[in-house]
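Undergrad: next one to model:
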Amino acid sequence: MDIGLTQGYESLDGLLFSTGTCDSLQNFSDIWKKVFPDQWVYNLIFPVLTDSDLACDYLQNEFETLIENLSIQFLQQHPEIRLSHGIKLYNIKRANLLKLAELVSTRKLKYFTLAKLLLIGDILPVEIINENFDWKIKKTLENPAESLHDSPRIMLVGGMFDNYTIFDLPECDHVVADDLSFGTRNFNFQIPENSFLQRYSQAYLDRVPDPTAFDMEKRINGIEQSIKGHKIDGIVLLGQKWCDPDAFEFVPIQNRLKSLDVPFLNIETTPELSNKQQIQTRLSAFIEMLG
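TA: Presented below is the predicted three-dimensional model:
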């Protein structure tokens, strides 16, 4: 918004908001429409209840409406754009990210490196990202990071936390897996490459849901599977201050972790990481406790 107001967005053709149940983001999209009335703006709304046929029908209709809007706005000018081709490119990206996540789990790659690649991967064109991810996987296998094989294995759990600078803390070298909305949960699935939107919609709904979705049992079961699969010693629950969905989910997740006898640390912070030093101190004490 700052860039648009000061420099303008002449090169931007439109903006697609995936607002879900976030009131702040829905309000922001309305503000954007008012400030930039000449731009194409669209809200794609995902269902809150994910485990039903009605949810799949709703999401399929959302995708069909979006494609219709895109066709009217852009595809007549760019007939070379094909949905199946785009899905294939992003499936390659997700597959490469899963390989990188496995390198983190086997401690050949530091989690901070994966976090930076995730950030870059959300900015650069997917074709360029796929080439660079292939290169990074090859280089990591040739020259793996210095490993901490005998140290505790930490997993991060949380929602829409995307300030990756926190992960450059030395304590985060112990992180071998995550369940963040902008992390592993964003790429641990594949989408059918044909344009049959019912299958496409169902594949999205079958993912482990975000905190904003109303399917806590699926979410907690997904966390439990990751704990077992990655041989996790301790969990760091990473939440943003003033984010109600993060706060709502922590209690049932903590109850499951207690039943599994898995130690956990609850950390609440701001997007600006105003308490980064305090976080480092608490992480260090938690890792020392795990031994």
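
Undergrad: tell me which element the residue sitting nearest the centre point of the chain falls in.
TA: Centroid-nearest residue in the chain: residue 182, 1.9 Å away (criterion: CA atoms, centre = their mean). Following DSSP states H and E, one finds residue 182 outside all helices and strands.

Undergrad: that one contacts residue 118, correct?
TA: Yes - the pair residue 182 / residue 118 is scored as a contact, 6.5 Å apart, by CB atoms under 8 Å. For the C-beta atoms, the positions are set from N, CA and C on the backbone; glycine is no exception.

Undergrad: give me the neighbour count for residue 51.
TA: 15 (other CB atoms under 10 Å).

Undergrad: now do residue 173
TA: So residue 173, with other CB under 10 Å, has 20 neighbours.

Undergrad: check the gap between it and residue 41 for me.
TA: From residue 173 across to residue 41, the span is 41 Å (CB to CB, to the nearest Å).

Undergrad: what packs against the helix or strand harbouring residue 259?
TA: Assessed by DSSP H and E, residue 259 sits inside helix 244-260. Applying 3 or more CB pairs under 8 Å, 6 or more residues apart in numbering; DSSP states H and E, we find helix 244-260 packed against helix 216-229, strand 234-240, strand 264-269.

Undergrad: hey, which of these is tucked in deepest?
TA: Most buried of the helices and strands packed on helix 244-260 by mean neighbour count (mean count of other CB atoms under 10 Å) is strand 234-240; its value is a mean of 21.

Undergrad: gap between it and the chain center?
TA: Computed by CA atoms, centre = their mean, to the nearest Å, the chain-centroid distance of strand 234-240 equals 15 Å.

Undergrad: residue ranges with poor pLDDT in the stretch 1-150 of the chain?
TA: 19-21, 75-81, 147-148 (pLDDT under 70).

Undergrad: can you rerun that using 50?
TA: Along the stretch 1-150 of the chain, segments meeting pLDDT under 50 are nowhere present.

Undergrad: quick revisit: quick one, the helix holding residue 259 and strand 234-240 angle?
TA: Orientation check (axes from the mean of the first three to the mean of the last three CA atoms, to 10 degrees): helix 244-260 against strand 234-240 gives 170 degrees.

Undergrad: in the chain, which spans are helices?
TA: Chain-ordered helices for the chain, with DSSP state H as the definition, fall at 2-7, 23-35, 53-70, 83-105, 111-121, 126-142, 197-205, 216-229, 244-260, 276-290.

Undergrad: and residue 2, how many neighbours?
TA: Residues lying near residue 2 (other CB under 10 Å) number 6.

Undergrad: can I get the helices and strands packed on helix 244-260 in JSON lines with distance to residue 113 and mean pLDDT?
TA: As requested, the helices and strands packed on helix 244-260 are arranged in JSON lines below (distance: least, CB to CB, whole Å; pLDDT from 0 to 100):
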{"stretch": "helix 216-229", "distance to residue 113": "20", "mean pLDDT": "90"}
{"stretch": "strand 234-240", "distance to residue 113": "18", "mean pLDDT": "90"}
{"stretch": "strand 264-269", "distance to residue 113": "21", "mean pLDDT": "89"}
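
Undergrad: which of those sits closest to residue 203?
TA: Closest of those to residue 203 is helix 216-229, at 14.4 Å (criterion: CB to CB).

Undergrad: how deep is residue 171 tucked in, by neighbour count?
TA: Neighbour count for residue 171, taken as other CB under 10 Å: 20.
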